[in-house]
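[1] Quick one, structure for this:
(one chain, ligands or ions: 2)
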Amino acid sequence: MSAAEPVGPWHLALVGNPNCGKTALFNALTGSRQKVANYPGVTVERKSGQFQTPSGRSVHLLDLPGTYSLRARSPDEQVTRDAVLGKLAGESAPDMLLCVADATNLRIALRLVLELKKVGRPMMLALNMIDIARKRGFEFDLDRLSEELGIPVVTSTAVRRGGVEDLVGRMDALIAAPPAKAAAGTWAVPTASELRATQREADRILAAAVKAPGRPDTLTGRLDTVLLHPVFGIVILLAVLFVMFQAVFTWAQPAMEGIKAGFEALGALVQAYLPEGLLQSFVQDGVIAGVGSVLVFLPQIVILFFFILVLEDLGYLARAAFLMDRVMGGAGLHGRAFIPLLSSFACAIPGIMATRVIDNRRDRLTTILVAPLMTCSARIPVYVLIISAFVPDEEVLGLFSLQGLVMFGLYAIGIASALLVSFVAKRLFWRDHPTEPFMLELPDYKLPRPKSVLIGLYTKAMMFLKRAGTTIFSMMVLIWFLASFPRPPEGATEPAIDYSLAAWIGKALEPITAPIGFDWHINVALVPGMAAREVAVAALGTVYAIEGGAEAADKIGATLAQSWSLATALALLAWYIFAPQCASTLAVIRRETGGWRWMAVSFGYMIALAYAAAFVTYNVTRLLAAG
Ligand SMILES: Nc1nc2c(ncn2[C@@H]2O[C@H](COP(=O)(O)OP(=O)(O)OP(=O)(O)O)[C@@H](O)[C@H]2O)c(=O)[nH]1
Ligand SMILES: [Mg+2]
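    Ligands and ions are numbered 1, 2, ... in the order given. Got it, this is the predicted structure:
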């Protein structure tokens, strides 16, 4: 390049092994908040951002999924390969590759660097996580390393303030005096023997430039003897999950009471100041009762995510994947399916996207099919509402809350049915396809960083609030409208809602839902609940508020306990475990599988299971209650 080169942004791409801190570096450089987590395969899509170097040059930075080689196998690795080769649609070829390596784990990283050199682009290497490496006693001869590799080498700590100063400083120098562009790239898909040769070269360089600590870090090893133990490990995992669900129910109580009281006060205020009539009903029954009945679940969602984020940062979730591999393999699921399925506990959408780390298409499809069976956070409001109304608030063995146990049970049924469905799908569609062995690298344990946990919690909470403010709010307006019009005739004796469109729709559906114990109120809630699960709770809030007045809205749980039988309540819980009530999930399935077919399969099997489960639950409960 010459000095006359036009000064557009400098394109830089982050490349490295999974879990080496690329996204953390991306965030540190661009001030963005992409997801980082202590297990491999978190980033499955490219993300780009801009920043300015100290000398004012603007840089376009591309974060890429982690990979071990450009010999890409899975869809996420293909993104990285194409970006590096400059073939990614919509991205210009990178001016320079910023290779990132976990300084404590350089063997495979250096092999990748050597392979990348063949592409023929300018490169530099950042030894990231240098804080951990130094603490463990690694010693690096940076000059030697740089000389052997033939590229500049710097160190970085992506998660500390000031941890990337060296890196940006050097970047500036490189932009001012770009290294000569190598001759045309000679990269071709490496054969296994070429990879072995490259590995030998990497090992030689490693031996020459890095001194590993005499005493290896044994803390991770010692912890793992217990935590990965085939028996104790599983017991500990179950105990951890159990504590998590207990906490969701007990810790959240005070905050939920507070939010509830706030909405009650707001409702009273509206009643006092707005004239009686349609406007008052709209604000009180539609907006406050509807949105309020969903928002009270914010504390529980925050607590659940607190646990997930801390366990993730600790590196424990990757262990959980390892422990579950036996069980999952038996059900025909690929070991790499664990992380996507785990993400689905938050929401099936990121979960389904995370299946891109699975290279085999059939394994990936199986995982996509069962991901929506994991209990996502949108089900929490529904579960909690019904459980609090119908399951007595008692202690079992003086230790566990009965309500927490039932919740735990619902999660367990979700998991068990996911395993069962994948088992059946495997027999049905892909009989003669063996499941590949699990290869997940276990990251070292790290202390969770409060800042990243807080940012994670904030993002999750905002996502939930945004849904409450948009999807749920607009559905509420619709429900209120349907439940309020047409107005009852003069001198009507029944509650106004009985004359409304909502009642008409709900009653029209009754022949279908009567066998599973749902009356028309529930039908009214389920129809908009197809858009998003928690809408049903808000809809019930509104329907009963319009029917029963302000008192009913304040005590929606008590109202349900009076108007539903236990059989109906349990049937609705059973329905919710399976029903495909989420338009966005279906849309993502269509996008990720590239067609309508698998979306239709998902929808069909889930709705059939939901109906069957509700039918059995309803009738068995009635028989037992009668007998
Ligand atoms: N102590 C320390 N931790 C780091 C550093 N950089 C990243 N981490 C942590 O390492 C873990 C992995 O970081 P990510 O940025 O998600 O890694 P990635 O390379 O983007 O991983 P994939 O997207 O899965 O390929 C996270 O828990 C980070 O907080 C570092 O320099 N020092
Ligand atoms: Mg990443």
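
[2] chain center to stretch 153-166: distance?
    28 Å (C-alpha atoms, centre = their mean, to the nearest Å).

[3] Tell me which residues are up against it.
    21, 24-25, 27-29, 103, 124-131, 140, 142, 145-146, 167, 170, 449, 452 (C-beta atoms under 8 Å, 6 or more residues apart in numbering). (Glycine included, C-beta is placed from N, CA and C.)

[4] how about a cut-off of 6 Å?
    When contacts are defined by C-beta atoms under 6 Å, 6 or more residues apart in numbering, stretch 153-166 is touched by residues 21, 24-25, 28, 125-128, 130-131, 142, 145-146, 167, 170.

[5] does any bit of it sit next to ligand 2?
    No: Stretch 153-166 lies apart from ligand 2 when judged by C-beta under 5 Å from the ion; the minimum separation is 10.6 Å.

[6] Start and end of that stretch, how far apart?
    In stretch 153-166, first residue to last residue: 10 Å (C-alpha to C-alpha, to the nearest Å).

[7] what about that stretch and ligand 1, touching?
    Yes: counting by C-beta under 6 Å from any ligand atom, ligand 1 has neighbours in stretch 153-166: 157-159.

[8] how near is the closest residue to residue 358 other than its chain neighbours to ligand 2?
    Spatial nearest neighbour of residue 358, excluding adjacent residues (C-beta to C-beta, 6 or more residues apart in numbering): residue 364 at 4.3 Å. Separation of residue 364 from ligand 2 (C-beta to the ion, to the nearest Å): 19 Å.

[9] Surely residue 186 is in contact with residue 118?
    Yes: contact criterion C-beta atoms under 6 Å: residue 186 and residue 118 qualify, at 5.1 Å.

[10] So the two - more neighbours on which side?
    Using other C-beta atoms under 10 Å as the criterion, residue 186 and residue 118 rank with residue 118 on top: 16 against 10.

[11] Just list the residues touching the more buried one, thanks.
    Going by C-beta under 6 Å, 6+ apart, the list of residues near residue 118 reads 186-187.

[12] Local confidence estimate at it?
    pLDDT for residue 118: 91.

[13] from the residues of stretch 153-166 next to ligand 1, which single one is nearest residue 53?
    Set against residue 53, the nearest of those by C-beta to C-beta is residue 158 (16.9 Å).

[14] So which of the contacts of stretch 153-166 sit within helices?
    24-25, 28, 130-131, 142, 145-146, 167, 170 (DSSP state H).

[15] and of the residues you listed, the nearest to residue 225?
    residue 131 (25.7 Å).

[16] now that closest one, nearest residue through space, not along the chain?
    Nearest one to residue 131, counting by C-beta to C-beta, 6+ apart, is residue 157 at 4.5 Å.

[17] The one you found: neighbouring residues, count only.
    Count around residue 157 with other C-beta under 10 Å applied: 25.

[18] right, and residue 52 touches residue 59 too?
    No: between residue 52 and residue 59 there is no contact under C-beta under 6 Å: 7.2 Å.

[19] Tell me which of those two has more neighbours.
    More neighbours surround residue 59 than the other of residue 52 and residue 59, with 22 against 12 (other C-beta under 10 Å).

[20] Nearest spatial neighbour of the more buried one, chain-adjacent residues omitted?
    Residue 59 sits nearest to residue 10 (C-beta to C-beta, 6+ apart), 4.9 Å away.

[21] No more questions from me, cheers.
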